[in-house]
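Engineer: Quick one, structure for this:
(one chain, ligands or ions: 1)
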Amino acid sequence: DGSPKSTDKPYYITTPIFYVNAAPHIGHLYTMVLTDVLKRWQQINGNEAFLCTGTDEHGMKIQRAAAKEGMHPKEFCDSNSNKFRELAASADIAHDFFIRTTDAEHKEAVKQFWLQLKHGLPEKLGLYKGSHEGWYAVSDECFYPEDMVQPSIVPQTGKKIMVSVETDSEVEWIKEETWFFPLTKYKDALLKFYDENPDWITPAHRMNEVRNWVENHLEDLSITRPVSRLSWGIPDPEDSKQTIYVWVDALINYITKAGYGTRWHSASDDMGLWPADLQVIGKDILRFHTIYWPALLMALDLPLPKRILCHNHWTMSNRKMSKSLGNVVNPFFAVQRWDVDPLRYFLMRNGSFSKDMSYSNQLIGSVYAKDLKANIGNLFYRIARPKVTAKWSTKEAVATYRDGGFQDFMNMKAADSSQERYFSLESHLKKATPAFCEEMDYCNTGGAIRAVFNLLRETNRYVSDTEPWNLVKNPDPESRALLNWVIFNSAEALRIAGILLQPIMPTKASELLNELGVKPERRTVQYARKGKDVDYGTEAQPSSDKGRTKKWDTIFPPTPN
Ligand code: ME8
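Structural biologist: Predicted coordinates:
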């Protein structure tokens, strides 16, 4: 699950590999960021973690897209694959591997996997050759059963076509000699696996869809295309007239980078990072990852990924953002406009596993103003960067706590209910981290963000109620201690929030923690509890410092960037 893991191999998390038929959009960025956040979450829980992303470069869809551009497919792929790599860099994605299915090591892995499927299995479970006809959707790169297609009319031309019921993509009737994977023979094993692992897919309700497909629509899988129709792909090493189906090729990427085909060859070897701890996908490719992929792994007796996380889609004006529809948001422009961390925050805050999400600059603008500027930024400004005239410091406040200087207040709490407001933050400080962790167990970044947001909102309220700017005017030691108590509690809220927000906003969170003087080795989740770190804090900064602009005073300036 998302919390500290139990095995001793490093945590291994993957994104889908993206088609290079067009440039990346916000949907791709979202999957990358979500995966990156979950990797970083493991790391601040003290676990070693590896992230694999990359590009899916073979198949009909790419072959046609390259032809349309008048380019050689490889040249076309090189250029588009680079855009995904650049996107990962621009969004601070800490991937450890970037795989391309045109890589030599991957071709070798596919070849070995293929030969195993063909020759290494008991007769009924291995590949067989046959003639295949059916409805094929190039844009989804898959066949659909007869009962999953329907007639449709192209609005612009009035042309009658057949389309997939699920995706509305045009399908064409295809008849050809191909190799088959006997998927139907894996039906019982799949159903048994789902029964025994009801939480395998997050969110769990997706399991119904998967089970329904397996129970009612399962067919053997045609897993080659005649080379006359598809030449851009990995050939069957024994039959040059057949090209391996792009989805079989693509799914294997996940084990290529774990060392299959180079460092290990079967489950009796040390499988390195495999099995993956978490594979993140969009709902469009659920079936491939929860039916085909486990069946292929079962065929070779390889362990299945431990968990699949399936997210919903970003929409623009209520339609799925997609390259084929052309209603896409350029993620490079979005990063430029909003800055990396605010954009990551928005995507993680509004991303969902149960309903589609709408994307608009107006929404991002309001989240920026409300959450980042008015909540986190405001508290940061009040507590971590007080003007020198305020004459208080987080350093003094933390030291007072460490030296037991607040004992009197602890006692006072019980004695005097008029002092209640000074203690009203306690329960929120206690709640935030467990709430955040619980949401992250379900990979629910939106819920986790709410836990931090609530803490900071309550802290802003606490500061307004306790008025440290008035306490500071009174020179008697009791007021000074009360002031420090308020500053300490508020600093603790900021410190805890800073630790928890690291996976979501790596740069802003570390800026915040640096500013509070939190040591780098004390930024793991175990420190995200009140009083756990009593060795941080900074002096009040003189406001006359040269070079300190307005923007520098807070981490979220009025306009991003
Ligand atoms: O399917 N909202 O590649 P692909 C959210 N190559 N996420 C979206 C999205 C949207 N509107 N659109 C795309 C492929 N995505 C195959 C995968 S894996 C072995 C092979 C994200 O370029 C989401 O993660 O069409 C989706 O599953 C993926 O991009 C599909 O990317």
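Engineer: now for the helix or strand Glu492 falls within, which elements pack on it?
Structural biologist: Glu492 belongs to helix 477-501 when assigned by DSSP states H and E. Applying 3 or more C-beta pairs under 8 Å, 6 or more residues apart in numbering; DSSP states H and E, one finds that helix 477-501 contacts helix 378-379, helix 394-402, helix 407-415, helix 426-441, helix 445-466, helix 468-471, helix 506-516. No exception for glycine: its C-beta is placed from N, CA and C like everyone else's.
Engineer: Mean pLDDT and mean neighbour count added to those helices, as TSV?
Structural biologist: Converted to TSV, the helices and strands packed on helix 477-501 look like this (pLDDT from 0 to 100; neighbours: other C-beta atoms under 10 Å):
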stretch	mean pLDDT	mean neighbour count
helix 378-379	94	21
helix 394-402	95	21
helix 407-415	70	12
helix 426-441	97	18
helix 445-466	98	20
helix 468-471	91	16
helix 506-516	95	19
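Engineer: and Val171, which of those is closest to it?
Structural biologist: Closest to Val171 of these is helix 445-466 (C-beta to C-beta; 35.6 Å).
Engineer: Just want the angle from the closest one to helix 426-441.
Structural biologist: Here helix 445-466 runs at an angle of 170 degrees relative to helix 426-441 (axes from the mean of the first three to the mean of the last three C-alpha atoms, to 10 degrees).
Engineer: quick one: contacts of helix 445-466?
Structural biologist: 34, 37, 345, 348-352, 371, 375-376, 378-379, 382-383, 421-422, 424-425, 428-429, 431-432, 435-436, 439-440, 486, 489-490, 493-494, 496-497, 500-501, 504 (C-beta atoms under 8 Å, 6 or more residues apart in numbering).
Engineer: quick one on the thing from earlier: so how far is the helix holding Glu492 off the chain centroid?
Structural biologist: Between the centre of helix 477-501 and the centre of its host chain there is 32 Å, according to C-alpha atoms, centre = their mean, to the nearest Å.
Engineer: Could you tell me which residues within it count as buried?
Structural biologist: Using 16 or more other C-beta atoms under 10 Å as the test for burial, helix 477-501 gives 480-501.
Engineer: can you check stretch 359-371 too?
Structural biologist: For stretch 359-371, the neighbour count (16+ other C-beta under 10 Å) marks Tyr359, Ile364, Gly365, Val367, Tyr368, Asp371 as buried.
Engineer: out of those, which one sits closest to the ligand?
Structural biologist: For the buried residues of stretch 359-371, the residue nearest the ligand by C-beta to the nearest ligand atom is Tyr359; the value is 8.6 Å.
Engineer: That closest one: what's it in contact with?
Structural biologist: Tyr359 neighbours (C-beta under 8 Å, 6+ apart): Ile26, Trp314, Thr315, Met316, Met321, Val329.
Engineer: nearest spatial neighbour of the fourth one, skipping sequence neighbours?
Structural biologist: Right, the one you point to is Met316. Excluding its sequence neighbours, the residue lying closest to Met316 (C-beta to C-beta, 6 or more residues apart in numbering) is Asn327, at 4.5 Å.
Engineer: sorry, back to before: and the buried residues of stretch 359-371, which of them are in helices?
Structural biologist: Among the buried residues of stretch 359-371, the members found in helices (DSSP state H) are Ile364, Gly365, Val367.
Engineer: Whichever residue of the stretch 201-350 of the chain sits closest to the ligand pairs with what?
Structural biologist: Here the stretch 201-350 of the chain gets closest to the ligand at one residue, Gly282, 2.7 Å apart by C-beta to the nearest ligand atom. On the basis of DSSP bridges, Gly282 is bridged to His311.
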